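Asks: got a sequence here, can you build the structure:
(2 chains)
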Amino acid sequence: SQQGEEDPQALSIQEGENATMNCSYKTSINNLQWYRQNSGRGLVHLILIRSNEREKHSGRLRVTLDTSKKSSSLLITASRAADTASYFCATDRNQFYFGTGTSLTVIP
Amino acid sequence: EAQVTQNPRYLITVTGKKLTVTCSQNMNHEYMSWYRQDPGLGLRQIYYSMNVEVTDKGDVPEGYKVSRKEKRNFPLILESPSPNQTSLYFCASSLLSGDRGRAFFGQGTRLTVV
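Replies: Presented below is the predicted three-dimensional model:
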């Protein structure tokens, strides 16, 4: 399988702290995307970073991409209880390949 | 509103009884796909389609069929469901290009096969 692998599998932090999730993948990519899933619901797109980009910001989200290491990280700053969800990276190379996800719990 | 619509949201069926889960998108996307989500395994792709009448197997196609007769619809067919197909299913669509952009997901279909 070419799917990505997120790390850690689960993360629990206090509200206001930063949360960092990592994603590793196996093949060359066109772009890498991060999605969020609230329990049992559909995935919602958060941010896309192209293979020629190294860092991208969107509100409290910061994504980095290191194509030499085939890895990406998602940083959520000043976390809120509402950020509690599972987060998935997806690599796009003709098809979308999703990782197994990081389950984030933000404790109020 | 741009959306992917799946039906039904919940389904309980018996082993061997054929069923179809519908998926429709209103964004004129070329690419559509089906995933199943199981605890600890993430999203695994079942089938995908790059355009009308063009479908291909994903990572876990056994026991499933799809068709793409119209651009907007991509139904998932289980000819003879078995308990190991109990799962949460998602349909997704996106543009088809070298730099595809985001995928839009349906709300999911929770299937239980008894």
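Asks: in contact with the spatially most central residue of chain B, which residues?
Replies: Centroid-nearest residue in chain B, with CA atoms, centre = their mean: residue B:34, separated by 2.8 Å. When the contact criterion is CB atoms under 8 Å, 6 or more residues apart in numbering or on different chains, the partners of residue B:34 are B:23, B:45-48, B:58, B:64, B:66, B:74, B:76, B:89-92. Heads up, the C-betas are built off the backbone N, CA and C, glycines and all.
Asks: cool, residue B:33 as well?
Replies: A:95-96, B:45-49, B:58, B:74, B:91-93, B:103.
Asks: quick one: it is in a strand?
Replies: Yes: Residue B:33: assigned to a strand according to DSSP: H, G, I helix; E, B strand; the rest coil.
Asks: quickly list what it is bridged to.
Replies: Taking DSSP bridges as the rule, residue B:33 bridges to residue B:48, residue B:92.
Asks: equivalent analysis for residue B:12, please.
Replies: With DSSP bridges as the rule, residue B:12 is bridged to residue B:112.
Asks: so how far is chain A from it?
Replies: Separation of residue B:12 from chain A (CB to the nearest CB, to the nearest Å): 16 Å.
Asks: I'd say that residue and residue B:112 touch.
Replies: Yes: Residue B:12 is within contact range of residue B:112, at 4.6 Å (criterion: CB atoms under 8 Å).
Asks: the helix or strand of chain A with the lowest mean pLDDT vs chain B: in contact?
Replies: Using mean pLDDT, DSSP states H and E, the weakest-scoring helix or strand in chain A turns out to be strand A:95-98, at a mean of 79. Yes: residues of strand A:95-98 are located near chain B by CB under 8 Å from any CB of the partner chain, namely A:95-98.
Asks: which one of those is nearest chain B?
Replies: Each of the residues of strand A:95-98 next to chain B was scored against chain B by CB to the nearest CB, and residue A:98 proved nearest at 4.1 Å.
Asks: ok, that closest one to residue A:91 distance?
Replies: Per CB to CB, to the nearest Å, residue A:98 is found 8 Å from residue A:91.
Asks: repeat that for residue B:92.
Replies: 14 Å.
Asks: those two: who's more crowded?
Replies: residue B:92 (29 against 25; other CB atoms under 10 Å in any protein chain shown).
Asks: quick one: the more buried one and residue B:102 touch, right?
Replies: No: contact between residue B:92 and residue B:102 fails when scored by CB under 8 Å: they sit 9.8 Å apart.
Asks: where along chain B do the strands fall?
Replies: Remark: strands assigned in chain B by DSSP state E are B:4-7, B:10-13, B:19-25, B:31-38, B:42-51, B:54-57, B:65-66, B:76-78, B:87-94, B:104-105, B:109-113.
Asks: adding mean pLDDT, write those out as TSV.
Replies: As requested, these are arranged in TSV below (pLDDT from 0 to 100):
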stretch	mean pLDDT
strand B:4-7	97
strand B:10-13	96
strand B:19-25	98
strand B:31-38	94
strand B:42-51	91
strand B:54-57	94
strand B:65-66	98
strand B:76-78	98
strand B:87-94	95
strand B:104-105	93
strand B:109-113	97
